[in-house]
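Asks: sequence? don't have it. structure:
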């Protein structure tokens, strides 16, 4: 179990949204050197310049600088190197990635405007344990992600591309046996 913060660094057409801070949670279960779990990552802030999206409520293309993004999905890790209190993991994930363009209250009868896609990611995780039983740890998680948000429907900006994430996570591992 871990929580952390980091940076979302988009490239390609997606770079028009700018870099954003991110916060996240990670829940993992493991056996031996293999781990599987769920990752949550939230990105927020305003974009450096306005971008266009299709608003289903007005049936028109509109501009916004508002940004909220979310990634949710399974996470896989393999600890391929262990040396004392340090470990290196190969990490991979697949998940649901979404960018919210316009949020509306449910009671309004309006529809939210968002773009979503499948996210494929992979990278390295460097871990440092701070207790003798390898319980408390700090992770440096570095990944590359590929996404295709498309054209935002009906003439909105093309937000396809790829992005990198770098996150620092603090957590605790509950060892049942080693």
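Replies: Nice, thanks for sending it over. Source: prediction; values computed, not measured.

Asks: Now do the same for residue 13: helix, strand or coil?
Replies: Classification of residue 13 using DSSP: H, G, I helix; E, B strand; the rest coil returns helix.

Asks: who are the neighbours in contact with it?
Replies: 157-161 (CB atoms under 8 Å, 6 or more residues apart in numbering). Glycine gets a C-beta too; all of them are placed from N, C-alpha and C.

Asks: ok, so what distance separates it from residue 96?
Replies: 20 Å (CB to CB, to the nearest Å).

Asks: Residue 108 too?
Replies: Taking CB to CB, one finds residue 108 at 24 Å from residue 96.

Asks: These two: which has the busier surroundings?
Replies: A direct count of neighbours by other CB atoms under 10 Å for residue 108 and residue 96 places residue 96 higher, at 12 against 9.

Asks: Make sure the more buried one is indeed in a helix.
Replies: No - judged by three-state DSSP, residue 96 forms no part of a helix; its state is strand.

Asks: Next one, pLDDT for it please.
Replies: Looking at residue 96, its pLDDT stands at 97.

Asks: In contact with it, which residues?
Replies: Neighbouring residues of residue 96 by CB under 8 Å, 6+ apart: 70-73, 116, 118-119.

Asks: Show me which pair in the residues you listed is furthest apart.
Replies: Distances among the contacts of residue 96 were taken as CB to CB; the most separated pair is 70 and 118, at 13.5 Å.

Asks: Mutual contacts of the two, please.
Replies: Residues touching both residue 70 and residue 118 by CB under 8 Å, 6+ apart: 96-97.

Asks: what about the two, which has more around it?
Replies: residue 70 (19 against 12).

Asks: Give the burial count for residue 109, as a bare number.
Replies: Other residues close to residue 109 by other CB under 10 Å number 8.

Asks: Mind naming the longest strand for this structure?
Replies: Assignment by DSSP state E gives strand 60-83 as the longest strand of the chain.

Asks: For it, which residues meet the burial criterion?
Replies: 62, 67, 69-73, 75-77, 79 (16 or more other CB atoms under 10 Å).

Asks: Let me have these in JSON lines, extended by pLDDT and distance to residue 20.
Replies: Putting those into JSON lines (pLDDT from 0 to 100; distance: CB to CB, whole Å) gives the following:
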{"residue": "62", "pLDDT": "90", "distance to residue 20": "21"}
{"residue": "67", "pLDDT": "88", "distance to residue 20": "7"}
{"residue": "69", "pLDDT": "94", "distance to residue 20": "7"}
{"residue": "70", "pLDDT": "96", "distance to residue 20": "12"}
{"residue": "71", "pLDDT": "97", "distance to residue 20": "12"}
{"residue": "72", "pLDDT": "97", "distance to residue 20": "17"}
{"residue": "73", "pLDDT": "97", "distance to residue 20": "19"}
{"residue": "75", "pLDDT": "97", "distance to residue 20": "20"}
{"residue": "76", "pLDDT": "97", "distance to residue 20": "25"}
{"residue": "77", "pLDDT": "97", "distance to residue 20": "24"}
{"residue": "79", "pLDDT": "94", "distance to residue 20": "30"}
